[in-house]
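Asker: sequence? don't have it. structure:
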């Protein structure tokens, strides 16, 4: 004859369940709508927050070397783009391996960039939310047109 098993909860398990209950309840409370648009994840472009992201790819059939010399926000030049102000992200090519990315409405931000493949990207901030990105093969000084990602904080 089999003996019936009784479920017993240890004090540690009880405390864990209570903590889980409050954690889930707190999360639900934090994400509930308070009369604001749920699409607005970041109310302001705060210091320390990601202010902008751009993955500059160029047009797939034409390559990144064919990005125009004037600022443009054409979506087909980007794999992804974000500006915390909700305004435009624009790019232009000034010469081989040198691009400028502008996050309209953002100023005083710092930037970091990364090139795809075995390449390096450097960033220099300029006035007006503009960042000059230079790309070159790793270990070399010659510039090359290659897709890159820049993050402004």
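Answerer: That came through, no problem. Owing to the predicted nature of the structure, the values given are computational and were not obtained by experimental measurement.

Asker: okay, now the unreliable bits of this protein?
Answerer: 1-44 (pLDDT under 70).

Asker: so what touches stretch 116-133?
Answerer: Applying C-beta atoms under 8 Å, 6 or more residues apart in numbering, the set of residues contacting stretch 116-133 from outside is 52, 56, 94, 98-107, 109-115, 134-138, 144, 146-148, 150, 152. The way it works is simple: take the backbone N, C-alpha and C, and place the C-beta from them, glycine included.

Asker: mind listing what's buried along it?
Answerer: 119, 120, 121, 123, 129, 130, 131, 132, 133 (16 or more other C-beta atoms under 10 Å).

Asker: and of the residues you listed, the nearest to residue 67?
Answerer: residue 133 (11.4 Å; C-beta to C-beta).

Asker: distance check, that closest one against residue 46.
Answerer: Separation of residue 133 from residue 46 (C-beta to C-beta, to the nearest Å): 24 Å.

Asker: same check, this time on residue 94
Answerer: Counting by C-beta to C-beta - residue 94 and residue 46 are separated by 31 Å.

Asker: now swap in residue 68 and tell me
Answerer: Distance from residue 68 to residue 46, by C-beta to C-beta: 33 Å.

Asker: before we move on, what about residue 124?
Answerer: For residue 124 relative to residue 46 (C-beta to C-beta), the value is 24 Å.
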